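**Q** Predicted model, plus sequence, below.
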Amino acid sequence: MTAPVISLDRVSRLYRLGDVEVRALDDVSLTVEPGEFVAIMGTSGSGKSTLMNILGCLDQPDSGHYLLEGVDTATLSEPDLARIRGQRIGFVFQSFNLLTRTAAIENVALPLFYAGQTEGSLGRARDALAKLGLAERQKNHPNQLSGGQQQRVAIARALINDPAILLADEPTGNVDSQTSAEIMNAITTLNREQGLTVVLVTHEPDMAAYADRVVVLKDGRIQSDTRSRESPRRIQPAAKIHRPGRWEEIRSFIGLALLAALRAIGRHKMRAALTMLGVFIGVAALIAMVAVGEGARAVVKQRLASLGTNLLIATPASTRSGGVRGGAGSTSSLTVTDAQAILEEDEAVADVAWVARQNAQAVYGDENWATSVQGVTPSYLSIRNWAVASGRDFTPEDEHDGAMICILGQSVVDALFGQDADPVGATVLVKSVPLTVVGVLAVKGNSGGGQDQDDVILTPFSTSQQRILGVSTPSASVAAAAQSGLVISLGGPQSSPSNPFGIQPRLAGFVNAIYIQARDGGVTDQAVDQVTKTLERRHRIKPDADDDFTVRNLTEIAEVAEQSSRVLEILLAAIASISLLVGGIGIMNILLVSVTERTREIGIRMAIGARRVHVLLQFLVEAVLLSGIGGGAGVLTGIAAAKIISYAAGWPTLLSPPVIAGAFLVSAVIGVFFGFYPARKAALLNPIDALRYE
């Protein structure tokens, strides 16, 4: 003898409405054998619907036991109960409970998706509809079907997974008498020919007459249990619940969730667009602002790099006389012999160069230009990391001989010769002194302080001192020159270990700056200390006195500029992130509204097999889709905005692929973060409460 498919043992269900306790079911015991057709009757409030909800695993009894196919449902987990609802029990509701804006064939196939049986699901749904005479209406939405057609769609959905039990709750309550007869004949055929166990809830005696057994409830108790006939029937064999593999389940659900999310978004296009707006603006602003910040940082790094590599600069410091402080460089305190001493004595120093500069007029033909004329040593350009675009650099022989030559910056070339000109070989007059152009400097652009580095004429240091700038020996600094070992004479050139550059002693005067190159980036601080001590010793600076020079480490300047640019970039990104935060809050708000609007839909999905994780992921997918679409549009707009800023404002921008990818990823994460609470709220809904929601 086969075991009962349904067995209720002293089941009770209580509801509390304020201080009032309502006993919907009171100590009910009931057994239904496989293949039986049982009708449950009773007046309104007798407990019929409560009993049906417990039988369908939509609700749990407060006491007693409900065994379904020999298994106590109280011991089953939520996923197991969902699988039973989707695969072993078929529901036919009085109000049809079809998903609106969803075609009939998709409504029927939905339990298959939740069961992970996607292969051939639409074909099976098409066959189920055809058996019920709806082959031509499979693409119609519920609002395009009559009441009887909707109920037949609901029956097809209930039977799609070949369940063991069909629970029909007033299936003819909303249809006419002819349609009622058609529906009941279809259910009876399933019971008689296929051995399907049917439990029918009705309050109409003529509908109960189709059943073999009628159970009458009154005030939550079984008043009578009458068997009207005994007819032979083929008992449907018990089938195992299909438990799909992880990847099979994921694959089946992804398509379902995406389709449901797209439909939900399409249902309220304007609301969805406004929801995406915050994420859209945030991502666009983030990309554009970071591009601007990265561009500015790249420009700062480029300009600092143009000054030289591992570079230190020693310049005369401010002076104090009679209690009054003069500006930096108001007196000449650095000399050529200082530079030579630094190179000879300081181990951390790789090379030195010195510069004497003065503003002067340059003339070529009918053109003239006021520029900075600088006398430099041969190592100056290599220390400054400054290439010669055309022509050649100075040589030690040029310095030794005081050659009447010069190298022009590009700004001077443009002013005197015009753009795209090659002045190499031409002769320009600098302070009426003819100089032959032997080279043109590569373009450097503006310095960190905004000075045009290309507006310059370079000459050999000896040439500038002999012919152009004159010997720089200010009267106020003669004593300092003598203390430094400076010799001003009219003798010929000397060359010795202490004078490796062959500088003529009579020209070993004061300089405007000494450029010092450290051996590598790791010893720049050590080089600063050594140079400072060397100059203090040579200038006889007392321990408590101010130095008459300043040694600046451009590496530190570059680091400070880098940090400042990064702080600016972070600040801009933080401002843009506020929009992302607002967008995320908007997504949460809209999803909370959506959960409220779709509570009944959630109940329907749970009733046909959706697990809580399915509901959770469905709303998360919707949130991610909202934020992802907004983020994708924001990425495109941010890139376009960066290009427009660069073109229209002339401000450099630098688009970073990691930043673009990161911004889009952040938008998706925002969707998950802000969508989780509404999604969790939807997933935790009680199926029966969700179905009853109006």
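**A** Noted; the coordinates are in hand.
**Q** check contacts around C57.
**A** L68, T73, L76, L81, I84, R85, I89 (C-beta atoms under 8 Å, 6 or more residues apart in numbering). Heads up, the C-betas are built off the backbone N, CA and C, glycines and all.
**Q** give me that answer again for 7 Å
**A** T73, L81, I84, R85, I89 (C-beta atoms under 7 Å, 6 or more residues apart in numbering).
**Q** and which of those is nearest to Q530?
**A** The closest of those to Q530 turns out to be L81 (C-beta to C-beta; 80.3 Å).
**Q** so what's N686 closest to, chain neighbours aside?
**A** Take N686 and drop its neighbours on the chain: the residue closest to it by C-beta to C-beta, 6 or more residues apart in numbering is D59, 7.9 Å away.
**Q** and if you look at A208?
**A** In this structure, A208 finds its nearest non-sequential neighbour in A39, 3.9 Å apart by C-beta to C-beta, 6+ apart.
**Q** got a pLDDT number for that neighbour?
**A** The score at A39 is 94. That number is its pLDDT.
**Q** Can you get me a residue count around A649?
**A** 10 (other C-beta atoms under 10 Å).
**Q** Make sure the residue nearest to A208 is indeed in a helix.
**A** No - read with DSSP: H, G, I helix; E, B strand; the rest coil, A39 is strand and lies in no helix.
**Q** Look up the residues forming beta bridges with it.
**A** Beta-bridge pairing for A39 (DSSP bridges): L200, V214.
**Q** residues in contact with it?
**A** Shown in contact with A39 (C-beta under 7 Å, 6+ apart): L200, T202, A208, A211, V214.
**Q** quick one, phi/psi of the nearest residue to L685 once chain neighbours are set aside?
**A** Leaving aside its sequence neighbours, L685 sits nearest to I602 (C-beta to C-beta, 6+ apart; 5.5 Å). Dihedral pair for I602: phi -60, psi -40, per degrees, to the nearest 10.
**Q** for G409, same thing?
**A** Phi and psi for G409, reported as degrees, to the nearest 10, are phi -80, psi 160.
**Q** Share the number of residues neighbouring it, please.
**A** For G409, the count of nearby residues is 24 (other C-beta under 10 Å).
**Q** That one and R83, how far apart?
**A** Going from G409 to R83 by C-beta to C-beta, to the nearest Å gives 80 Å.
**Q** ok, now G638?
**A** Applying C-beta to C-beta, the value for G638 to R83 is 46 Å.
**Q** So for these two, which residue has more residues nearby?
**A** For the pair G638 and R83, the greater number of neighbours falls to G638 (29 against 23), based on other C-beta under 10 Å.
**Q** pretty sure the more buried one is touching I287, no?
**A** Yes - the criterion here is C-beta atoms under 7 Å, and G638 meets it with I287 at 2.9 Å.
**Q** shared neighbours, those two?
**A** Common contact partners of G638 and I287 (C-beta under 7 Å, 6+ apart): none.
**Q** could you point out the longest helix in this structure?
**A** In the chain, taking DSSP state H as the definition, the longest helix is helix 554-597.
**Q** quick check: mean pLDDT across that helix?
**A** 77.
**Q** just how off-centre is it within its chain?
**A** Chain-centre distance of helix 554-597: 10 Å, with C-alpha atoms, centre = their mean, to the nearest Å.
**Q** Over to stretch 674-683?
**A** The answer for stretch 674-683 is 21 Å, by C-alpha atoms, centre = their mean.
**Q** same thing with stretch 681-690?
**A** 32 Å.
**Q** List the buried residues of it.
**A** Across stretch 681-690, burial judged by 16 or more other C-beta atoms under 10 Å covers K681, A682, A683, L685, P687, I688, A690.
**Q** got a list of contacts for that stretch?
**A** Stretch 681-690 has contacts (C-beta under 7 Å, 6+ apart) with 53, 58-59, 595, 599-600, 602-603, 606-607, 612, 615-616, 619.
**Q** what's the closest of those to R227?
**A** Of all the contacts of stretch 681-690, R227 sits closest to N53, with 24.7 Å by C-beta to C-beta.
**Q** Now the closest one: closest residue in space, sequence neighbours ignored.
**A** Leaving aside its chain neighbours, N53 sits nearest to D59 (4.1 Å; criterion: C-beta to C-beta, 6+ apart).
**Q** Check N107 too.
**A** Of all residues not flanking N107 in the chain, L98 sits nearest, at 5.0 Å (C-beta to C-beta, 6+ apart).
**Q** any weak-confidence spans in the stretch 151-300 of the chain?
**A** By pLDDT under 70, the weakly predicted segments of the stretch 151-300 of the chain are 230-253, 299-300.
**Q** can you give me the strands in it?
**A** For the stretch 151-300 of the chain, applying DSSP state E, counting those that start in this stretch gives strands covering 165-169, 197-201, 213-218, 221-227.
**Q** G630 is nearest to which of those?
**A** Evaluated with C-beta to C-beta, the strands of the stretch 151-300 of the chain place strand 165-169 nearest to G630, the distance being 42.2 Å.
**Q** now what about that closest one, what contacts it?
**A** Defining contact as C-beta under 7 Å, 6+ apart, one finds that strand 165-169 is touched by 5, 49, 52, 55-56, 88-94, 158, 187, 190, 196-201.
**Q** do the same with stretch 401-414
**A** Outside stretch 401-414, the residues that touch it by C-beta under 7 Å, 6+ apart are 362, 369, 371, 388, 398, 421, 423, 428, 430, 434-441, 443, 452, 454-460, 462-463, 466-467.
**Q** Could you give me the buried positions within it?
**A** For stretch 401-414, the neighbour count (16+ other C-beta under 10 Å) marks 402-414 as buried.
**Q** Poorly predicted segments of the chain, please.
**A** In the chain, residues with pLDDT under 70: 1-2, 230-253, 299-309, 318-332, 448-450, 470-508, 555-562, 565, 569, 694.
**Q** Name the strands paired with the strand ranked longest in the chain and say parallel or antiparallel.
**A** Ranked by residue count and defined by DSSP state E, the top strand of the chain is strand 349-364. In the sheet, strand 349-364 lines up against strand 367-376 (antiparallel), strand 427-430 (antiparallel), strand 513-518 (antiparallel) (DSSP bridges).
**Q** Now the element after the first one, going C-ward?
**A** Downstream of strand 367-376, the next assigned helix or strand under DSSP states H and E is helix 380-383.
**Q** Also the second one?
**A** Proceeding N to C from strand 427-430, the next assigned helix or strand is strand 433-441, under DSSP H and E.
**Q** Could you pull up the residues touching Y114?
**A** By C-beta under 7 Å, 6+ apart, Y114 lies in contact with G86, I608, G609, A610, H614.
**Q** List the contacts of stretch 215-228.
**A** 23-28, 30, 38, 40-42, 46-48, 51, 212-214.
**Q** cutoff 6 Å now
**A** Contacts to stretch 215-228, defined as C-beta atoms under 6 Å, 6 or more residues apart in numbering, come from residues 23-26, 28, 40-42, 46-48, 213-214.
**Q** Stretch 526-541 too?
**A** With C-beta under 6 Å, 6+ apart, stretch 526-541 has contacts from 312, 338, 341-342, 345-346, 348-349, 483-484, 516, 518, 547-549, 551, 553.
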